[in-house]
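Novice: Make a model of this:
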Amino acid sequence: MTKLTTSAQLTKTSKAKLNNGKEIPVAGYGVYLVTKETANELVYQALKDGYRHVDSAVGYGNEKEAAEGVARFLKDHPEVKREDIWFTTKIPNQSHGYEKTKKQVEAIADDVKASIGYVDLVLIHSPKSDKERRLETWKALQEYTQDNDTLWIKSIGVSNYGVAHLEELFAWDGYKVKPVVNQLELHPWLPRTELIQYLTKHEILAEAYSPLTQGDKFNDPELLELEKKSGISKTDILLRWSYLQGFIVLAKTSTPSRIIQNLNALPDSGSVELPDYVVEALHKPDSADVITWGHKDPTLYKDGDN
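Specialist: As a prediction, the model looks like this:
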């Protein structure tokens with residue numbers, strides 16, 4: 001059996017290098033299901049607690065407010081610069097296609113440009129349209145990776161893409177800019193071993209959303225036994241597992257007290273560790289338990305599927 005990683009040198013401020021040379025903070029605060037009314041304050045709190053990476057999306061309905069939270073934090077903390085904070089958003093399925101994507105980027109600019117100036121990363125939120133529109137969206141996004149009058153997007157990537165969707169992109173004659181990340185549902189019950197190997201081969205980092213399984217596995221008997229035996233909370237076990245895989249980890253919460261608790265999965269010691277028996281128990285290379293997207297895996301999407 002492959003030797004499993006039980007320790008990694010990481011801190012709350014650690015960054016990972018992307019294939020375009022830029023560096024992304026490994027700990028991200030996700031604002032999925034965060035209300036429009038609370039997004040500004042929760043993002044501000046996350047940054048105050050030490051996060052330097054905010055993950056939003058057009059589809060979350062809180063992109064503008066999340067960016068405003070970043071701007072307010074920067075105003076109150078002049079020692080922190082805009083370039084110290086990473087802000088991600090995503091193009092929704094209904095905006096796929098060249099002209100629609102350009103209009104969507106204009107709308108994103110209307111939401112965030114006044115507050116944060118530029119966007120560090122824009123992702124195609126999922127492959128769920130068709131080949132022509134996916135590639136047209138990538139064509140449009142490539143154009144914004146230069147210093148663009150509408151909105152400067154420093155990096156572009158994908159989300160919920162499977163190998164077939166990436167192969168389609170790589171084979172396209174208009175392909176110029178490599179995706180820097182693929183954002184995916186990832187946790188011990190959905191490790192996506194083959195897809196992660198493919199991403200590694202192509203120098204594309206994996207971002208883990210729903211690393212806490214949206215609470216779905218919190219009563220899993222095996223996880224509860226590991227928590228009891230190790231004395232490590234189930235939340236920390238799952239977050240540390242993701243960090244040990246080398247993922248960029250996006251922890252989402254609407255509860256202020258849990259924001260810092262999730263970040264504390266990265267200890268001040270600089271060494272993220274799990275006991276051998278915990279890592280071995282959570283090694284489930286053949287598991288494919290999709291919790292999000294109505295339990296239907298978007299990485300397997302084929303054009304014409306519902």
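
Novice: residues contacting residue 30?
Specialist: Each residue near residue 30 by CB atoms under 8 Å, 6 or more residues apart in numbering is listed here: 55, 209, 250, 251, 252. Backbone N, C-alpha and C define where each C-beta goes, glycine included.

Novice: Looking at strand pairing, list the partners for it.
Specialist: Beta-bridge partners recorded for residue 30 (DSSP bridges): residue 55, residue 252.

Novice: So which residues of the stretch 151-300 of the chain form helices?
Specialist: Secondary structure of the stretch 151-300 of the chain (DSSP state H, counting those that start in this stretch): helices at 163-171, 193-201, 221-230, 234-244, 256-263, 276-281.

Novice: Residue 103 reaches residue 95, doesn't it?
Specialist: Yes. Counting by CB atoms under 8 Å, residue 103 touches residue 95, with 7.3 Å between them.

Novice: So for these two, which sits in the more crowded spot?
Specialist: Neighbours were counted for residue 103 and for residue 95 using other CB atoms under 10 Å; residue 95 has more, 24 against 13.

Novice: Go ahead and confirm the more buried one touches residue 101.
Specialist: Yes. Using CB under 8 Å, residue 95 is in contact with residue 101, at 5.8 Å.

Novice: what do those two both touch?
Specialist: Joint contacts of residue 95 and residue 101 (CB under 8 Å, 6+ apart) are residue 137.

Novice: farthest residue from the center of the protein?
Specialist: residue 229 (30.4 Å; CA atoms, centre = their mean).

Novice: Next one, pLDDT for that one please.
Specialist: For residue 229, the pLDDT comes out at 98.

Novice: give the contact list for it.
Specialist: residue 277.

Novice: Helix or strand for residue 133, just tell me which one.
Specialist: helix 131-143 (DSSP states H and E).

Novice: List the buried residues for that helix?
Specialist: 133, 134, 135, 136, 137, 138, 139, 140, 141, 143 (16 or more other CB atoms under 10 Å).

Novice: In the stretch 101-250 of the chain, where is pLDDT below threshold?
Specialist: Low-confidence segments of the stretch 101-250 of the chain (pLDDT under 70): 147.

Novice: how near is residue 64 to residue 109?
Specialist: Residue 64 sits 11 Å away from residue 109, taking CB to CB, to the nearest Å as the criterion.

Novice: ok, residue 149 - contacts?
Specialist: Applying CB under 8 Å, 6+ apart to residue 149 gives no contacts.

Novice: Same list (the buried residues of helix 131-143) but as a markdown table, adding distance to residue 42.
Specialist: Below are those laid out as a markdown table (distance: CB to CB, whole Å):
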| residue | distance to residue 42 |
| --- | --- |
| 133 | 33 |
| 134 | 32 |
| 135 | 36 |
| 136 | 34 |
| 137 | 29 |
| 138 | 31 |
| 139 | 35 |
| 140 | 31 |
| 141 | 28 |
| 143 | 33 |
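
Novice: Going by distance to residue 186, which of the residues you listed wins?
Specialist: residue 134 (21.7 Å; CB to CB).

Novice: show me what contacts that closest one?
Specialist: Counting by CB under 8 Å, 6+ apart, residue 134 has contacts 96, 124, 127, 165, 168, 169.

Novice: before we move on, what about residue 36?
Specialist: 61, 62, 65.

Novice: From those residues, list just the buried residues.
Specialist: Looks like these have 62, 65 buried, using 16+ other CB under 10 Å.

Novice: Which neighbouring elements make contact with the longest helix seen in the chain?
Specialist: As assigned by DSSP state H, the longest helix anywhere in the chain is helix 98-116. In terms of contacts (3 or more CB pairs under 8 Å, 6 or more residues apart in numbering; DSSP states H and E), helix 98-116 is packed against helix 63-76, strand 86-91, strand 119-124, helix 131-143.

Novice: For that helix, buried residues please.
Specialist: Buried residues in helix 98-116, counted by 16+ other CB under 10 Å: 98, 100-102, 104-105, 108-109, 111-113, 115-116.

Novice: coming back round to it: let's have the contacts of residue 134 in TSV, adding neighbour count and distance to residue 259.
Specialist: Formatted as TSV, these follow (neighbours: other CB atoms under 10 Å; distance: CB to CB, whole Å):
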residue	neighbour count	distance to residue 259
96	25	33
124	30	28
127	28	31
165	23	33
168	18	38
169	21	35
